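*Asks:* based on what follows, work out the 3D shape:
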Amino acid sequence: QRLLPIVPALTSLFTGREDILSWLEEHFIYGSFSLKFNLQQQFVLYELGGAGKTQIIAIINKESIEQFLVQVAHNAHLAEGTSVAALVWVCHQTEWLMIFDNADSPDLDLWKSFPVCSHGNIFITSQNKACIKYAPENFYRVGEMSNEESFSVLLKASHRFHLSEAEYAAARELVQELGHLALAIVQAGGYLNHHQHVKFCQYLESYKQDKPRYLRKIRAYNMDSYTLSVFSSWNLSYQKLDRKAKQVLILCSILHYSKMPIGILKRAWNTLAQSHELDVWEVKEALKLFIDDNGKWNDNSLEEALGNLQFYSLVEITGEGVAFLNIHPLVHVWSYKLLSTEKQKNAQMCAQQLFYPIQKEEMTCHDAVQ
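*Replies:* Numbers count the residues shown, from 1 in each chain. As a prediction, the model looks like this:
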């Protein structure tokens, strides 16, 4: 606090994640002090943007880290006001904590910004799962909030605490619809706080009819420090995806968001590649990004695309033996609405064609297909 008087106050909407706080307490407070055991401690929190890793949205890059360290040098009254001098100064302090918040850029090398010493504490938050390399034994995936945590945030954000039975049920259903995503819940609560005449049940009904319109809105109700809507937060990640990753996301957007068998893509190509039927053109066009020069399916190419999506926590892969692809329900809505009307039609055709080789199994498409 002496070095950084601009440290922000805790937002009134903060709802403690007991599981995460327990991990942090165990690691930084009740665990072994770094100075006593000559061990610099690092810890990484990672998850999809908007999951609640931080209260302040700030893009960390090389320049912002440099500015931060120069500020440390200035506040510590060092003769040489440089980032290098600041890092040397930190090394000579006793216990210290350095926080890298929203370290999302794939080009960012945090190692160069770590004080070179055998003590101290470093805490990193990121959408980028690859950041666990900085603390391979000490990381935590934030995950979604519990029902009770989500409900509590919604009530705080909307300033509504005395609910009728019908309103209580609608509020509970709303946090389910929002996938327990912190930023989406805060946005909904901000709207309801600003429009006190709108009931939870009314908002819920309108939201179901046009989810994208509600999720695209930039928050303008000044209830906390968030400056990005749910969609605009993910758009930043989308812009950094390569072409193959974007293609996988398109396929995810038209199929069910939970447990899509990854192997279906390879199976579809191997079955349909030799087909000259016009009605499978869409799926062959979509999958050709993942074949080699000989027209054979390239597993490595698909793995790279999935890795790119995991990099920004846009997808999660689960299962042993058979791998399944999962995306957050709101990412599902967002990724579909990224497509033009024509591309949506192509994607719908592609989704149906993917299942031609599995005619006896059920296919679950996006609601918009119905």
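*Asks:* ok now stretch 69-84, how far from the chain's centre?
*Replies:* 34 Å (C-alpha atoms, centre = their mean, to the nearest Å).
*Asks:* straight-line length of it, end to end?
*Replies:* Counting by C-alpha to C-alpha, to the nearest Å, you get 8 Å between the two ends of stretch 69-84.
*Asks:* what do you get for stretch 302-322?
*Replies:* Counting by C-alpha to C-alpha, the terminal residues of stretch 302-322 are separated by 15 Å.
*Asks:* what about Q187, is that helix, strand or coil?
*Replies:* Using DSSP: H, G, I helix; E, B strand; the rest coil, the structure places Q187 in helix.
*Asks:* now do D107
*Replies:* On the three-state scheme (three-state DSSP), D107 is labelled coil.
*Asks:* contacts only, for S146.
*Replies:* Applying C-beta atoms under 8 Å, 6 or more residues apart in numbering, we find S146 in contact with H180. (Glycine included, C-beta is placed from N, CA and C.)
*Asks:* helices along the stretch 1-150 of the chain, start to end?
*Replies:* Ranges of helices in the stretch 1-150 of the chain, per DSSP state H, counting those that start in this stretch, are 18-24, 34-37, 62-75, 83-91, 147-158.
*Asks:* dump those to a markdown table, plus mean pLDDT, mean neighbour count and distance to P115.
*Replies:* Listed next are those as a markdown table, based on pLDDT from 0 to 100; neighbours: other C-beta atoms under 10 Å; distance: least, C-beta to C-beta, whole Å:
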| stretch | mean pLDDT | mean neighbour count | distance to P115 |
| --- | --- | --- | --- |
| helix 18-24 | 68 | 13 | 20 |
| helix 34-37 | 54 | 15 | 11 |
| helix 62-75 | 72 | 16 | 10 |
| helix 83-91 | 79 | 17 | 4 |
| helix 147-158 | 87 | 20 | 35 |
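*Asks:* so which of the ones you listed is nearest N193?
*Replies:* helix 147-158 (5.0 Å; C-beta to C-beta).
*Asks:* what packs against the helix or strand just after the closest one?
*Replies:* As assigned by DSSP states H and E, the chain's next helix or strand after helix 147-158 is helix 165-177. Counting contacts by 3 or more C-beta pairs under 8 Å, 6 or more residues apart in numbering; DSSP states H and E, helix 165-177 packs against helix 147-158, helix 200-209.
*Asks:* redo those helices as JSON lines? Include distance to T271.
*Replies:* Shown next, in JSON lines, are these (distance: least, C-beta to C-beta, whole Å):
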{"stretch": "helix 147-158", "distance to T271": "42"}
{"stretch": "helix 200-209", "distance to T271": "37"}
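*Asks:* coming back round to it: for the helices of the stretch 1-150 of the chain, which one sits closest to I327?
*Replies:* Judging the helices of the stretch 1-150 of the chain by C-beta to C-beta, what sits closest to I327 is helix 147-158, at 18.7 Å.
*Asks:* so what's the gap between that closest one and the chain middle?
*Replies:* 20 Å.
*Asks:* I'd like to know which elements it is packed against.
*Replies:* For helix 147-158, the packing partners by 3+ C-beta pairs under 8 Å, 6+ apart are helix 165-177, helix 182-194.
*Asks:* give me the domain ranges for this structure.
*Replies:* In terms of domains, the chain is parsed into 18-141, 147-235, 241-369 (source: automatic domain parsing).
*Asks:* just send the helices of the stretch 1-150 of the chain back as TSV, with distance to L249 too.
*Replies:* Output for these, formatted as TSV (distance: least, C-beta to C-beta, whole Å):
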stretch	distance to L249
helix 18-24	28
helix 34-37	40
helix 62-75	28
helix 83-91	37
helix 147-158	25
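*Asks:* who touches L192 in this structure?
*Replies:* Each residue near L192 by C-beta under 8 Å, 6+ apart is listed here: 157-158, 160, 198, 200, 203.
*Asks:* over to M98?
*Replies:* Shown in contact with M98 (C-beta under 8 Å, 6+ apart): 90, 114-115, 120-123.
*Asks:* if we use 7 Å, what do you get?
*Replies:* Contacts for M98 (C-beta atoms under 7 Å, 6 or more residues apart in numbering) come out as 120, 122.
*Asks:* out of the helices of the stretch 1-150 of the chain, nearest to Y336?
*Replies:* Among the helices of the stretch 1-150 of the chain, if distance is taken as C-beta to C-beta, the winner is helix 147-158, at 23.3 Å.
*Asks:* alpha carbons of the closest one, as PDB, please.
*Replies:* Written as PDB, here are the backbone C-alpha positions of helix 147-158 (Å, rounded to 0.1, in the frame of the first residue of the first chain):
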ATOM      1  CA  ASN A 147     -25.700 -21.500  -7.400                       C
ATOM      2  CA  GLU A 148     -25.600 -19.600  -4.100                       C
ATOM      3  CA  GLU A 149     -22.700 -17.400  -5.100                       C
ATOM      4  CA  SER A 150     -24.300 -16.500  -8.400                       C
ATOM      5  CA  PHE A 151     -27.600 -15.700  -6.700                       C
ATOM      6  CA  SER A 152     -25.900 -13.600  -4.100                       C
ATOM      7  CA  VAL A 153     -24.100 -11.500  -6.800                       C
ATOM      8  CA  LEU A 154     -27.300 -11.000  -8.700                       C
ATOM      9  CA  LEU A 155     -29.200  -9.700  -5.600                       C
ATOM     10  CA  LYS A 156     -26.300  -7.400  -4.700                       C
ATOM     11  CA  ALA A 157     -26.000  -6.000  -8.300                       C
ATOM     12  CA  SER A 158     -29.800  -5.500  -8.700                       C
END
